[in-house]
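Q: Okay, here's the prediction I keep looking at, along with the sequence it came from:
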Amino acid sequence: MSQPSTPVVSSPFTPTPSASVERRRVLVFSVLAFGIAWAVGGVIALTGGLRDSPPLVAGLSLGTVLLATGYMFAPAAAHVLTRLMTGEGFADACAVLRPNHRSAPRSYLVAWVGPAALTLVGVGLYFAVFPSPFDPTLSTISSVLPADAPLSPTLVVGIQLVAALTVGPAINTVFAFGEEFGWRGYLLPKLLPLGPRIAVGLVGLVWGVWHWPVIAMGYNYGVGYPGAPWTGMLAMVVMTVSTGTFLAWVTLRAKSVWPAALGHGAVNAVGGIGLVVSRPAESLLLGPTVTGLVVVIPWGHLAGWLLLRPERLWDRAGVRDAR
């Protein structure tokens with residue numbers, strides 16, 4: 001006597017050929033993701049912005065806490081609220097959270113080490129183009145260390161680099177999940193009927209625009225740089241489309257949001273490593289952080305290769321783009 005089969009929930013990352021964009025749910029999600037985050041951004045702006053935000057505890061300011069919680073977790077909250085408000089249910093959400101696809105182990109490895117490799121190449125490119133900010137004497141680190149510090153500046157930089165490559169991605173994954181559960185865990189699958197290339201590009205664009213209020217307050221690029229804040233806003237879009245393509249790729253390969261959260265955490269962990277070997281700069285628009293237009297060039301090359309190169313890349317991810 002045969003046993004009843006267990007219903008299998010198809011992955012939202014492999015839409016059927018007849019699937020169409022669920023416009024209402026995309027709209028509800030977008031309004032919530034932007035509305036919640038930008039409302040939090042408004043509170044930050046009204047309480048001193050990121051530069052003059054009132055201190056709370058342990059050296060953390062109100063702006064920092066709101067940014068790391070209300071702003072960064074707005075996409076995840078929008079994901080959950082959209083499912084509740086539209087009656088969608090959570091079967092697809094459970095599928096998104098299952099890290100059990102055969103490609104998952106390799107996707108996690110790529111998500112862990114890829115951001116470090118791409119960012120370090122970008123930092124090297126930045127200092128090759130602009131050698132004057134490079135500080136081999138590590139004077140910036142030396143200036144903040146006590147005279148009787150037991151660690152040398154070189155050892156401090158070494159420890160920071162090792163941490164950025166090991167524990168940093170794991171810790172930052174917790175905070176990155178707040179964004180990835182929304183962008184790659186909900187919006188990307190909903191836009192996949194448009195074709196992976198279009199969907200990935202649109203999610204990267206939306207993700208970049210979503211950052212604009214905090215960019216205007218000096219996040220990532222500071223203030224006073226040429227064309228501020230508009231050039232910073234555009235630079236952020238370039239960065240999010242470039243890095244977002246990588247995050248979408250590991251998501252599609254694993255059919256899970258966790259590699260994207262890990263990859264995003266790795267980007268955040270290693271993104272500022274160029275600052276420890278750089279003199280204080282008037283502008284971060286070009287580098288040496290990962291959001292700089294020069295540092296992100298390797299990411300852009302990879303994104304272009306993934307989007308324009310052979311369709312078999314997407315076929316291996318289980319998504320076929322006929323466009």
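A: Received, thanks.
Q: Quick one: distance of stretch 168-179 to the chain centre.
A: Computed by Cα atoms, centre = their mean, to the nearest Å, the chain-centroid distance of stretch 168-179 equals 9 Å.
Q: Which positions in it come out as buried?
A: Neighbour counts over stretch 168-179 (16 or more other Cβ atoms under 10 Å) mark 168-169, 172-173, 175-179 as buried. In short, each C-beta sits where N, CA and C put it, glycine included.
Q: Take those residues and write them to CSV, including pLDDT and secondary structure.
A: Shown next, in CSV, are the buried residues of stretch 168-179 (pLDDT from 0 to 100; DSSP: H, G, I helix; E, B strand; the rest coil):
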residue, pLDDT, secondary structure
Gly168, 90, helix
Pro169, 91, helix
Asn172, 93, helix
Thr173, 94, helix
Phe175, 91, helix
Ala176, 95, helix
Phe177, 95, helix
Gly178, 95, helix
Glu179, 97, helix
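Q: What's the local residue count around the residue nearest to Ala216 when sequence neighbours are not counted?
A: Once flanking residues are discounted, Ala216 sits nearest to Pro229: 4.3 Å by Cβ to Cβ, 6 or more residues apart in numbering. Around Pro229 sit 20 other residues, with neighbours defined as other Cβ atoms under 10 Å.
Q: so what's Pro229 up against?
A: 215-216, 221, 223 (Cβ atoms under 8 Å, 6 or more residues apart in numbering).
Q: ok, of those residues, which come out buried?
A: Applying 16+ other Cβ under 10 Å to the contacts of Pro229 flags 215-216, 221 as buried.
Q: Identify the residues contacting Pro12.
A: 92, 95-96, 189, 192.
Q: which of those sit farthest apart?
A: Of all pairs drawn from the contacts of Pro12, the greatest distance, 13.6 Å, lies between Ala95 and Leu192 (Cβ to Cβ).
Q: follow-up on the earlier one: from the contacts of Pro12, which land in helices?
A: Taking DSSP state H as the definition of helices, these contribute 92, 95-96, 189.
Q: of the contacts of Pro12, closest to Leu62?
A: For the contacts of Pro12, the nearest to Leu62 is Val96 (32.4 Å; Cβ to Cβ).
Q: Can you give me the distance of the closest one to Ala77?
A: For Val96, the distance to Ala77 (Cβ to Cβ, to the nearest Å) stands at 15 Å.
Q: Between those two, which is the more surrounded one?
A: Legend: neighbour count by other Cβ under 10 Å for Val96 and Ala77, higher for Val96 (25 against 17).
Q: ok, now which ones touch that one?
A: 12-13, 181, 185-186, 189, 256-257.
Q: so which of these would you say is closest to Pro131?
A: Distances from Pro131 to those, taken by Cβ to Cβ, are shortest for Val257, at 40.0 Å.
Q: The closest one: neighbouring residues, count only.
A: 31.
Q: just Leu151 next, same as before
A: Considering only other Cβ under 10 Å, Leu151 is surrounded by 12 other residues.
Q: Let me know whether it touches Leu145 as I believe.
A: Yes. Counting by Cβ atoms under 8 Å, Leu145 is a contact partner of Leu151 at 7.4 Å.
Q: More neighbours: Ala95 and Leu192, which one.
A: Leu192 (23 against 19).
Q: Quick one: the contacts of Pro229 as a markdown table, columns for pLDDT and secondary structure too.
A: A markdown table is the format used below for the contacts of Pro229 (pLDDT from 0 to 100; three-state DSSP):
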| residue | pLDDT | secondary structure |
| --- | --- | --- |
| Ile215 | 97 | helix |
| Ala216 | 96 | helix |
| Tyr221 | 94 | coil |
| Val223 | 89 | coil |
